[in-house]
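Undergrad: Show me the folded form of this:
(one chain, ligands or ions: 1)
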Amino acid sequence: MKPRHLTVIPKAPAPDTPQERGRARIKAMPKPAEIAQCPRCGGRELIEARTGVTISRGRASGGTKCFLCVLCLARGERVIVS
Ligand SMILES: [Zn+2]
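TA: Numbering: from 1, shown residues only. Predicted structure coming up:
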């Protein structure tokens with residue numbers, strides 16, 4: 001069997017659905033600079049996640065902290081909001 005290689009394709013435009021129109025409208029709305037917003041869906045609900053937490057004597061500590069979009073996470077996508 002011949003090996004298959006991955007190729008880069010141009011980004012396809014989002015489908016023209018009511019949900020996608022709502023996302024575009026929300027992302028285009030002006031927002032205060034200090035409010036974090038998901039670059040993919042425009043959601044402002046975040047959840048904190050930590051990678052590399054160590055547990056010693058029953059207590060968790062350390063790790064690298066990042067914020068994930070809750071709405072994207074509920075759809076199975078991992079989007080980091082910084
Ligand atoms: Zn999102």
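Undergrad: Report whether the host helix or strand of residue 25 contacts the ion.
TA: Assigning secondary structure by DSSP states H and E places residue 25 in helix 18-28. No - Helix 18-28 lies out of reach of the ion by CB under 5 Å from the ion, never closer than 8.8 Å. All C-beta spots, glycine's among them, are computed from the backbone N, C-alpha and C.
Undergrad: Show me which residues of that helix are buried.
TA: residue 23 (16 or more other CB atoms under 10 Å).
Undergrad: Helices along the chain, start to end?
TA: 18-28, 70-74 (DSSP state H).
Undergrad: any idea of the mean pLDDT in the helix holding residue 25?
TA: Mean pLDDT, helix 18-28: 88.
Undergrad: now the strands for this structure?
TA: 46-51, 54-56, 59-61, 64-69, 80-81 (DSSP state E).
Undergrad: how about those in a markdown table, adding distance to residue 32 and mean neighbour count?
TA: Shown next, in a markdown table, are the strands of the chain (distance: least, CB to CB, whole Å; neighbours: other CB atoms under 10 Å):
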| stretch | distance to residue 32 | mean neighbour count |
| --- | --- | --- |
| strand 46-51 | 15 | 12 |
| strand 54-56 | 36 | 9 |
| strand 59-61 | 33 | 9 |
| strand 64-69 | 17 | 15 |
| strand 80-81 | 15 | 16 |
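Undergrad: between those, which one is nearest to the ion?
TA: strand 64-69 (3.2 Å; CB to the ion).
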